[in-house]
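1. give the three-dimensional model of this entry:
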Amino acid sequence: MKIEKFEDILAWQKGRNLFIFISDIFKGSKNYSFKDQIQRASLSICNNIAEGFERRSNNEFRHFLYIAKGSCGEVRSMAYLALDSKYLDQKEFELIHSNTMEISKILSGLIKTL
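-> The predicted structure is shown next:
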C-alpha cells in the first residue's frame, strides 16, 4: 500500500488509538500533572509522525519519527510509574506497554526504509 497521507501510516493510526485509550483511563485522575504528561507524550507520537510526513523530506521525516519513538518510550515509562502508583491496573498497563512496543517497532521499520 502506498502512503499518500499521514493518516495512512499504521503507527499514526495505532498512536491515535493509544491516545484515546490513555485519555479515557486518566479522564478522572486528580493528579493533573501526571495525567497531562502522559497524555501529551501519547499525543506527541501522532503529531510528530504527522508533522514529519508533511515536511516532504525523508531526512526531516526520519528526524520526527525518532522523536515519536522517544515519546513511545516516555509513555511506556510513565505506564510503569502509573502502575506503581495504582493509577493503572495490570491489564491497562499491559495494553499500554504492548501498544507502545508495537508502535516503536513500526517506527523503527519506517526509519530503516527511509
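2. can you show me the helices along the protein?
-> Taking DSSP state H as the test, the helices found in the chain are 10-26, 32-54, 58-84, 90-113.
3. any chance of JSON lines for the ones you listed, columns distance to Glu4, mean pLDDT and mean neighbour count?
-> C-beta: built from backbone N, CA, C; applies to glycine. Conversion of the helices of the chain to JSON lines gives the following (distance: least, Cβ to Cβ, whole Å; pLDDT from 0 to 100; neighbours: other Cβ atoms under 10 Å):
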{"stretch": "helix 10-26", "distance to Glu4": "13", "mean pLDDT": "98", "mean neighbour count": "19"}
{"stretch": "helix 32-54", "distance to Glu4": "10", "mean pLDDT": "98", "mean neighbour count": "19"}
{"stretch": "helix 58-84", "distance to Glu4": "14", "mean pLDDT": "98", "mean neighbour count": "18"}
{"stretch": "helix 90-113", "distance to Glu4": "15", "mean pLDDT": "98", "mean neighbour count": "16"}
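4. format those as CSV; extra columns: distance to Met1.
-> Shown next, in CSV, are the helices of the chain (distance: least, Cβ to Cβ, whole Å):
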stretch, distance to Met1
helix 10-26, 9
helix 32-54, 15
helix 58-84, 17
helix 90-113, 13
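5. out of these, which comes closest to Ile3?
-> Closest approach to Ile3 among the helices of the chain is made by helix 32-54 (7.8 Å; Cβ to Cβ).
6. just the CA trace of stretch 26-43, in CSV.
-> Extracted in CSV, the C-alpha atoms of stretch 26-43 (Å, rounded to 0.1, in the frame of the first residue of the first chain):
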residue,chain,number,x,y,z
PHE,A,26,-6.9,9.2,33.0
LYS,A,27,-10.0,11.4,32.5
GLY,A,28,-11.0,11.2,36.1
SER,A,29,-7.5,11.4,37.6
LYS,A,30,-6.9,14.1,40.2
ASN,A,31,-3.1,14.0,39.6
TYR,A,32,-3.4,16.6,36.8
SER,A,33,0.4,16.9,36.2
PHE,A,34,0.8,13.2,35.7
LYS,A,35,-2.3,13.0,33.5
ASP,A,36,-1.2,15.9,31.4
GLN,A,37,2.3,14.5,30.9
ILE,A,38,1.2,11.0,29.8
GLN,A,39,-1.5,12.5,27.5
ARG,A,40,1.0,14.9,26.0
ALA,A,41,3.5,12.2,25.4
SER,A,42,1.0,9.9,23.7
LEU,A,43,-0.3,12.9,21.6
